[in-house]
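In: I need the structure of the sequence given here:
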Amino acid sequence: MPLEPQQFPAATVPTRFIGGRITTEDPAQPEADALVTDATGHIAWIGWANELPAAFAGDAYEEVDLGGARVIPGFVDAHMHAVMLANFAPQISVLPPNITSIAELTEAIRARRAAQGPNAWVEGWGYDEALLSEHRSPTRWDLDAGSPDAPVCIMRTCGHIRCVNSRALEIAGITRDTPDPVGGEIERDATGEPTGVLKETARDLVTPFIPKPSEHDAVQHIVDLGQLLASQGIVAATDMCSVDGTDTHPLLLAAARAGFKQDVATYMLWDYIKQNPDAYELGPEQMDRSQQIFAAGIKILTDGSVSGRTAWFYDPFLPSERDLGAANCGMPTCTDDDIDHAIAFCQNHGCQLSLHAMGTHAIDRVIDRVMAAGLWDADGVPPVRIEHVTAPSPHAISAMAANGIAVVTQPIFPYAEIGTYLTNLGEERTRRCYPFRTLVDAGVDVCISTDAPATSWAVPSDPFPNIKSAVTRQAYNHFDFDATEALSVEEVLARYTREPARILGFEGLGMLKAGYKASFAVLDRDILAIPADEIDRVKVAATYICGEKVFER
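Out: Residues are numbered from 1 along each chain as shown. From the prediction side, this is the model:
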């Protein structure tokens with residue numbers, strides 16, 4: 001389907017901003033205290049007010065006094081599921097403080113079932129057994145207690161596991177005799193009965209039966225999400241694929257026409273295009289990075305999550321009664337052929353390949369297969385990015401640094417999910433996870449992101465707990481996961497602005513410099529001067545996208 005032409009932002013009022021403490025992320029001019037925007041929403045000049053050219057000093061420009069506030073380039077969230085996050089808004093949020101126990105989840109399901117009636121699906125998202133008072137996953141029988149007749153589907157925080165009730169299993173035709181799909185597991189109790197927990201590719205067994213929101217509702221949810229992101233200083237994001245196979249690109253284009261402001265790079269999940277790759281349109285028109293919404297490439301899931309005990313390691317997770325006595329090292333969620341075919345697709349299309357890999361075994365496998373196939377030209381961006389990279393081997397780190405393979409990682413994971421990390425890996429292995437300092441010092445291209453909504457945090461897209469985690473290396477409960485791997489605030493800001501813009505190819509974003517988009521955030525306190533323990537209290541006072549004030553607190 002041809003794409004409708006995308007428009008540049010409407011004309012904005014030329015404005016002179018003065019009196020700020022501006023972090024530009026431009027190595028040639030790291031700091032400034034004034035900037036001037038033009039009618040196209042770009043930066044016409046930036047520097048020190050006492051050097052302001054006369055051409056920008058007159059009444060033709062409105063003037064905004066920043067009052068000494070810290071100004072930074074707008075955040076670029078390099079790994080977010082924007083459409084999924086938008087669609088989760090009307091669902092049950094299974095996160096503290098809303099829900100802290102399976103009993104409370106059951107009551108929330110009961111209330112939603114009563115409001116909706118017997119034929120509508122009850123959906124929720126965000127549960128993490130470590131944050132539930134029972135310290136276990138819900139099961140079909142827990143969900144049945146809230147809704148014995150209407151189907152229920154609750155997504156785990158990691159996005160890789162669903163828990164469904166008996167009615168949903170019945171609709172999907174899942175019984176004790178249903179075999180596990182390749183790359184997935186239908187969890188079963190000691191008698192062989194499905195528990196309702198569907199891991200990795202098994203979660204897709206119910207996907208075709210869950211109704212999707214109407215296009216109108218989906219577009220409005222994205223527009224509403226744009227307001228939330230603006231309140232967090234986020235000026236660009238990604239849609240790292242939909243779990244139900246939806247091509248989200250047209251929805252995001254429609255949302256942009258309806259008032260959504262952020263730039264977005266989209267990725268399509270390989271699972272849903274591998275049977276007929278030619279049917280997926282990914283040509284120069286779709287990949288034009290001058291557009292607000294552009295297609296960046298494809299994504300493939302190669303293992304699961306640490307918190308879901310499906311990330312693929314060489315060493316097993318600590319024993320759990322759910323392992324039924326067998327050592328569990330996690331699982332690969334695709335075949336070697338899947339990876340090779342995805343690489344070939346990206347080579348042929350000159351696009352970027354995103355590989356989800358958390359466990360050491362999974363990371364080594366994708367590195368080795370990419371190196372065997374050879375890298376390719378992806379129009380100026382790294383052709384390969386690896387997501388999460390929880391526990392990389394020295395071999396993987398060396399290969400990533402030597403070959404320009406980018407890492408997109410999430411400090412929020414150990415910060416928010418520390419309970420399940422300790423339960424599943426133990427203290428020593430947990431402290432070795434997410435070696436930010438080692439990666440950066442080795443010369444790996446690293447940027448940080450949230451993976452929202454796939455994490456156990458009440459507002460999963462919030463940048464500031466994420467930054468705090470990378471700087472302090474302490475979880476929300478103050479558990480220290482190795483301070484020697486910490487980064488400075490300055491290093492983290494660069495990896496949340498300039499570096500993701502470069503790695504994804506967002507034009508004119510990530511730095512504040514002449515000719516770039518006037519997309520920046522004004523903070524309510526100086527993130528470079530406050531104690532690190534207070535970083536999560538920082539709020540955005542105002543956000544500008546292409547010179548337009550899109551949020552003010």
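
In: Buried residues of stretch 480-498, list them for me.
Out: Buried residues in stretch 480-498, counted by 16 or more other Cβ atoms under 10 Å: 481-482, 485-487, 489, 491-498. Quick note: C-beta positions are derived from backbone N, CA and C, even for glycine.

In: a markdown table for the residues you listed, including secondary structure and distance to residue 47?
Out: As requested, the buried residues of stretch 480-498 are exported to a markdown table (DSSP: H, G, I helix; E, B strand; the rest coil; distance: Cβ to Cβ, whole Å):
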| residue | secondary structure | distance to residue 47 |
| --- | --- | --- |
| 481 | coil | 41 |
| 482 | coil | 40 |
| 485 | helix | 36 |
| 486 | coil | 32 |
| 487 | coil | 28 |
| 489 | helix | 23 |
| 491 | helix | 24 |
| 492 | helix | 25 |
| 493 | helix | 20 |
| 494 | helix | 20 |
| 495 | coil | 25 |
| 496 | coil | 24 |
| 497 | coil | 19 |
| 498 | helix | 18 |
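
In: now, among these, which is nearest to residue 16?
Out: residue 497 (22.7 Å; Cβ to Cβ).

In: How about that closest one: what's its closest non-neighbour residue?
Out: Spatially, and ignoring its direct neighbours in sequence, residue 497 is nearest to residue 73 (4.2 Å; Cβ to Cβ, 6 or more residues apart in numbering).

In: Sketch out the low-pLDDT regions of the stretch 1-150 of the chain for me.
Out: The stretch 1-150 of the chain contains residues with pLDDT under 70 at 1-11.

In: what is the residue nearest to residue 497 paired to in the beta sheet?
Out: Beta-bridge partners for residue 73, by DSSP bridges, are residue 520.

In: Residue 314: which element?
Out: Under DSSP states H and E, no helix or strand contains residue 314.

In: Tell me if I'm right that it and residue 360 touch.
Out: Yes - in this structure residue 314 lies within contact range of residue 360 using Cβ atoms under 8 Å: 5.7 Å.

In: More neighbours: which of these two?
Out: The neighbour count for residue 314 versus residue 360, taken as other Cβ atoms under 10 Å, is higher for residue 360 (24 against 12).

In: Settle this for me: residue 452 is touching residue 78, isn't it.
Out: No - using Cβ under 8 Å, residue 452 makes no contact with residue 78, being 11.6 Å away.

In: tell me the contacts of residue 486?
Out: Residues in contact with residue 486 (Cβ atoms under 8 Å, 6 or more residues apart in numbering) are 436, 437, 470, 471, 472, 473.

In: Any of those buried? List them.
Out: For the contacts of residue 486, buried by 16+ other Cβ under 10 Å: 436, 437, 470, 471, 472, 473.

In: In these, find the pair that's most separated.
Out: 437 and 472 (12.9 Å).

In: And the protein, split by domain according to the record?
Out: 15-73+515-552, 91-209 (automatic domain parsing).

In: Endpoint to endpoint, the longest one covers what distance?
Out: So the one you mean is domain 91-209. For domain 91-209, the first-to-last residue distance is 17 Å (Cα to Cα, to the nearest Å).

In: mind putting the buried ones among the contacts of residue 486 in TSV, pLDDT, secondary structure and distance to residue 157 included?
Out: As requested, these are arranged in TSV below (pLDDT from 0 to 100; DSSP: H, G, I helix; E, B strand; the rest coil; distance: Cβ to Cβ, whole Å):
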residue	pLDDT	secondary structure	distance to residue 157
436	98	helix	22
437	98	helix	26
470	98	helix	19
471	98	helix	23
472	98	helix	22
473	98	coil	21
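
In: Now render the residues you listed as a markdown table, adding distance to residue 223.
Out: Compiled in a markdown table, these are given as follows (distance: Cβ to Cβ, whole Å):
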| residue | distance to residue 223 |
| --- | --- |
| 436 | 34 |
| 437 | 39 |
| 470 | 30 |
| 471 | 33 |
| 472 | 35 |
| 473 | 37 |
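
In: out of those residues, who's nearest residue 424?
Out: residue 473 (18.9 Å).

In: Tell me how far that closest one lies from residue 482.
Out: From residue 473 across to residue 482, the span is 6 Å (Cβ to Cβ, to the nearest Å).

In: And for residue 211?
Out: Note on residue 211: its distance to residue 482, by Cβ to Cβ, is 45 Å.

In: swap in residue 258?
Out: Plainly put, residue 258 is 45 Å away from residue 482 if you go by Cβ to Cβ.

In: And residue 379, by the same measure?
Out: From residue 379 over to residue 482 the distance is 37 Å, taken as Cβ to Cβ.

In: wait, isn't residue 261 in contact with residue 230?
Out: Yes - in this structure, residue 261 is within contact of residue 230 by Cβ under 8 Å, at 6.7 Å.

In: Overlap in contacts, these two.
Out: With Cβ under 8 Å, 6+ apart, residue 261 and residue 230 have common neighbours 545, 550.

In: Which strand residues bridge residue 388?
Out: Beta-bridge partners, per DSSP bridges, of residue 388: residue 357.

In: What is the burial count for it?
Out: 27.

In: show me the contacts for it.
Out: 356, 357, 358, 408, 409, 410, 413, 451.

In: closest to residue 503 among those residues?
Out: Nearest to residue 503 among those, counting by Cβ to Cβ, is residue 408 at 7.4 Å.

In: Just checking: what are the partner strands of the one helix or strand the closest one maps to?
Out: Using DSSP H and E, residue 408 maps to strand 406-409. Partners of strand 406-409 in the sheet, by DSSP bridges, are strand 384-388 (parallel), strand 446-448 (parallel).
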